[in-house]
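# Predicted model follows, preceded by the sequence.
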Amino acid sequence: MDPPSVSEHAAQAMKTMAECPDLLNPSLFTLQCMNSPCKSISPPVSPTLSDASTTSSTPSIALNTTAVDPYSPSDWERTTYYHGICSDPPELLYRSDLLDNPFPKPMGRHGHLPTKKSMRGVYATPLNPVWHTVGPQICDILKTRKIHFSGIDTARFVTHGEDNKDSLSPVVIWISTYPNTTTAKDAHDTSIEILALLEANGVEGVVVEWIEAVVVML
């Protein structure tokens, strides 16, 4: 029986994890996305940046779906923003560059899905040498704000252009929360504090992105 194939990017991530355990180790879900196409699975908790206290009790909140929320992505963006990273990509809850970096929606009657994305690891960035300090502090921020999060990951996304030109995203702090526990306004306010923490540690240009995901024990 032939061994399962592993993409170049997933293999690079695993090789770096083995050689440099102090760098930003991606979660299993992130590795699966790097090795896309992947199976449909909710992102599991990150082994070093998770909130174990939220696994036993995750109360839902009543989300007001009728009020206009300036921090929520459009339905189109919410459902297609991560198109291509795996066979069943998560939906976007919020991203900190929502206003500065609009997500284009196709016009006309025959709209098509946006250009596909794929995921990469985070290597050789200003975040790497300070992650052991700011990572736990991000956890503390989420706990203080009573965010019921299931994991924190780091990633970079490649958008594959129709002209065969790829573009690499900034470093992304990828936060997953339990469904129906966090509003886009909660994510917005918390992201401001996270970005201020990063900038105080010499890390600029980062984007904080939020999804809803349930911990899966493997």
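Happy to help now that I have it. Nothing here was measured: the structure is a model prediction, and the numbers come from that model. Residues are numbered from 1 along each chain as shown.

# What strands line up against the longest strand anywhere in the chain, and which way round?
Ranked by residue count, the top strand of the chain under DSSP state E comes out as strand 149-160. Sheet pairing here is set by DSSP bridges, and for strand 149-160 it gives strand 117-120 (antiparallel), strand 166-168 (antiparallel), strand 172-177 (antiparallel).

# I'd like these written out as a markdown table, with mean pLDDT, mean neighbour count and distance to Ala213 added.
Placement of C-beta: from N, CA and C, glycine included. What follows is the strands paired with strand 149-160, written out as a markdown table (pLDDT from 0 to 100; neighbours: other Cβ atoms under 10 Å; distance: least, Cβ to Cβ, whole Å):
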| stretch | mean pLDDT | mean neighbour count | distance to Ala213 |
| --- | --- | --- | --- |
| strand 117-120 | 88 | 22 | 15 |
| strand 166-168 | 87 | 11 | 24 |
| strand 172-177 | 95 | 25 | 4 |
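
# Can you lay out those strands as a markdown table showing distance to Pro90?
Conversion of the strands paired with strand 149-160 to a markdown table gives the following (distance: least, Cβ to Cβ, whole Å):
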| stretch | distance to Pro90 |
| --- | --- |
| strand 117-120 | 12 |
| strand 166-168 | 20 |
| strand 172-177 | 8 |
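
# Tell me if I'm right that Val214 and Tyr178 touch.
Yes - in this structure Val214 lies within contact range of Tyr178 using Cβ atoms under 8 Å: 6.5 Å.

# thinking again about what came up before, so for Lys146, which of the strands paired with strand 149-160 sits nearest?
Among these, the nearest to Lys146 by Cβ to Cβ is strand 172-177 (11.1 Å).

# Which stretches in the protein count as helices?
Counting by DSSP state H, the chain has these helices, from start to end: 8-19, 28-34, 75-80, 131-144, 184-200.

# quick one: which of those has the weakest pLDDT on average?
Set side by side, the helices of the chain show their lowest mean pLDDT on helix 8-19, which sits at a mean of 53.

# where's Pro170 relative to Leu127, distance?
The spacing between Pro170 and Leu127, counted by Cβ to Cβ, to the nearest Å, is 10 Å.
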